[in-house]
Structure formats: C-alpha cells, structure tokens
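> Here you go, sequence then predicted model.
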Amino acid sequence: MKMIGNLSKAVGALMSAILPVCVQASPYPDVAPLFAADTVLEVTIEAPMGALMDIRPDKAYLDGSFTFTTADGTERKLGLKLRTRGNYRRAKEHCDFAPIRLNFSKSQVKGTLFAGQDKLKLVTHCQNNDRDYEQLVLREYLAYRMLHELTPKSFAVRLMRITYINTENKQSRTKLGFVIEDGDAVAKRNGMKLANVGLVTREYLDLEQENLIHVFEYMIGNTEYSVMRAEPNKECCHNIDLMAPKGVSLYTPLAYDFDFAGFVNAPYAEPNPRYKLPTVRVRLFKGRCEYDEQLQSTIRYFQEKKDRLYQIIDAPDILTSISANHVRKYIDTFYERIAEPADVEKWLIEKCYEP
C-alpha cells in the first residue's frame, strides 16, 4: 500500500510538471472556495473501483475515502461515499469508466476547502486506455468555464487530477476530471431556488437568459438540450434545470452536459435524429424565431465577450496544440456567423428553430 501511495504521488508530481493549468478564476465572488480558484486540485480516491464500475449503482453508495492536497502542501483525508451517475456515459457500451457522484459528510468537510459541499458530480475520463478522452474532458470543462464567464446563472467547475486506487487489488491510475457545483448552490447565490416543473411554457421563461443559453449552445454546437421539453418520465427540461425566485413563476434555465456538443466532438456523440443533422459538428440554432430583437442584444454581448472566451480556450497547457486548434477553429466559425447583421440573419434568424 505504501508503494502504491508513493507511486501515485510520483505520478501526480510528474503530471503537475507536464500540465500546470492556469485559467482565470471564477469572475463571480459568491462561489464557494472550492470553485473560486483555477488551479488543478490533486486528489486521491480510494474505493472498490472494480465493484463500482461493474455494478454501476445509481442509488446505493459504496464506501471510500477522498484525499486532497491543501495549498500549503499538506494532505487531508475525508470519508467518502460514491456511486455512478448519469445516463448515456453510465452505460458500459459507451464508457468503461462511468461518471461518479461524490457524497461527503458535512461534518468532515467543515473548515476545509470542501466546506459546504455535500454531493458533487464528477465528470470522468470515460475510457481508461485512450488518452484522447482526457482532451474531451478538458473541452467540456472549458465549455462550462465559457458559460460561467458569460453569466453567473451557470455552474462553476473545478479541474482535478485524480489518482484512483482500487482497494480490491491496490491498482491505481491517474486521470483528469472535474467536479460541478451543486445546482442548489447555483440557485442560492443567484437569489433563487431550483424548481421542479413538469411543464413550462414560453411566457414563464426568463427571455434574456433563454436567449443567452440558445446562443451559447449554438456557439458550442450542442442540440442535446431543451428549455421546455422534458425527457420521457422526467421533470422539465432536457439537460436544463430551472430556477426561480421564491414565489415567482419566472424560470431561469440552467444548462449542463455538453459532451454531445461539436465543440467537444466526442467519438460516441451522435446527432439527435429529430433534427436530421449529419454530425454533431453541424450547428442548429434552437432560439425562438419571434424574438429577433432580443437576439441582436445577445449577439452584441457575445461579441463583447469574444476576447475573454478565446483567452479561456487558449489558457496555457490545458489542451494539446492539436485539440486547441480544433476547438479554436470551431469557435472561429461561430464568430464569423455573427460578425455582421446580415450574417446573423443568414445563419441564425433565417434558420431559427420553432420548438
């Protein structure tokens, strides 16, 4: 066990030298300390990983531990319960390493970097033996960072370099992943609460935020979402949470899950057959056709944020040069399509989608 621990530390140190990630910290002051910084957090998760990935429980938790290195270099070990989560990526035919739900004890995290955290979604690398999948993790991480730059009504994220130690056989592997801010925390810092709504109609949606989400999803080439339609047998909406001020029925969409976006371009991602698109790289604007005036204001905002969004993409030592060039060119085409009013008319307004 000591040998495994020394090995994992050595791997972590080597990876730190290879990948010193630096992305500007959260632009919003109310996020929890875990999400306020931009450095890669070195962590170790010890658990029966074989059983976890074999059984893939979505309700029952397995016991484990979570160790992280504090800013002064000391290690802090916490008790942890964990299970798998998600839909598509949880299936074995799509990912041999599923996304994970981390469940911390509030009493143990008190006074630590994880203070206030309870249950966190962990986005994992999907495939153990394909290093390219870590680039997909990083691309999705950058998508979250770009949306968080555009609006505080979004999930904050924190990148981690995780050493997984299987307590069944003491084998370990180190991979990149990121945790996502809890939805209740997002709602709270925006003066709202998450809303369980079976059906929502247009007049009850925050028009400004809805337009921002539509343009953002168009920018990253994601059609796997809906601000009104729910998945079968689920609350509204698809890859969108809704939040609203207490006692007010005006819902603000909160977007998540971007792995099916053309910006990420995951090998397993397929276009929704409903839209008849040849690949996920082909964009479809799902904004409302009747709200062109609001769209122009949103477009101007994206133009104002252009330099900052590129800075997030170009942050040193996150993506490989090939991956960075891939996503930069993809965002280039978005900005070409909103460069002039005539371009917006051609690419968005004339092709707007009526849900």
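In hand now; what should we look at? Numbering: from 1, shown residues only.
> ok, which stretches of the stretch 51-200 of the chain are helices?
In chain order, the stretch 51-200 of the chain shows helices spanning 106-109, 132-150, 183-189, with DSSP state H, counting those that start in this stretch as the criterion.
> Turn those into CSV, including distance to residue 85 and mean neighbour count.
To be clear about C-beta, it is placed using only N, CA and C from the backbone, and glycine gets the same treatment. Converted to CSV, those look like this (distance: least, C-beta to C-beta, whole Å; neighbours: other C-beta atoms under 10 Å):
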stretch, distance to residue 85, mean neighbour count
helix 106-109, 19, 13
helix 132-150, 15, 22
helix 183-189, 13, 18
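> nearest to residue 212, of those?
helix 132-150 (6.4 Å; C-beta to C-beta).
> Output stretch 302-312 as PDB, nothing but the C-alphas.
Written as PDB, here are the backbone C-alpha positions of stretch 302-312 (Å, rounded to 0.1, in the frame of the first residue of the first chain):
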ATOM      1  CA  PHE A 302     -21.100  37.600 -27.200                       C
ATOM      2  CA  GLN A 303     -19.100  39.900 -29.400                       C
ATOM      3  CA  GLU A 304     -18.100  41.900 -26.300                       C
ATOM      4  CA  LYS A 305     -17.000  38.700 -24.600                       C
ATOM      5  CA  LYS A 306     -15.100  37.300 -27.600                       C
ATOM      6  CA  ASP A 307     -11.600  38.100 -26.400                       C
ATOM      7  CA  ARG A 308     -12.300  36.700 -22.900                       C
ATOM      8  CA  LEU A 309     -13.800  33.500 -24.300                       C
ATOM      9  CA  TYR A 310     -10.700  32.900 -26.500                       C
ATOM     10  CA  GLN A 311      -8.500  33.500 -23.500                       C
ATOM     11  CA  ILE A 312     -10.300  30.600 -21.800                       C
END
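> Next, the buried residues of it.
Buried positions in stretch 302-312, judged by neighbour count with 16 or more other C-beta atoms under 10 Å: 302, 309, 312.
> Which of the residues you listed sits closest to residue 230?
Taking C-beta to C-beta as the measure, residue 230 sits nearest to residue 302 out of those, at 27.8 Å.
> picking up where we left off before, can you check which of the helices of the stretch 51-200 of the chain gets nearest to residue 269?
Of all these, helix 132-150 sits nearest to residue 269, with 9.3 Å by C-beta to C-beta.
> Show the average pLDDT along that closest one.
Here helix 132-150 scores 97 as its mean pLDDT.
> Show me how far it is from its chain's centre.
Computed by C-alpha atoms, centre = their mean, to the nearest Å, the chain-centroid distance of helix 132-150 equals 7 Å.
> Which other helices and strands does it contact?
Here helix 132-150 is seen to pack against strand 119-123, strand 157-166, strand 172-180, helix 207-220, helix 306-313, helix 321-337 when contacts are counted using 3 or more C-beta pairs under 8 Å, 6 or more residues apart in numbering; DSSP states H and E.
> quick one: residue 237 and residue 222, what's the gap?
14 Å (C-beta to C-beta, to the nearest Å).
> let me fix that: residue 49
With distances taken as C-beta to C-beta, residue 49 is found 30 Å from residue 222.
> Go through the helices and strands packed on helix 132-150 and name the closest to residue 33.
Distances from residue 33 to each of the helices and strands packed on helix 132-150 were compared using C-beta to C-beta; the shortest belongs to strand 157-166, at 9.9 Å.
> Looking at the buried residues of stretch 302-312, which is nearest residue 34?
residue 312 (19.1 Å).
> Just to check, the closest one is in contact with residue 145?
Yes. With contact defined as C-beta atoms under 8 Å, residue 312 and residue 145 form a contacting pair (5.1 Å).
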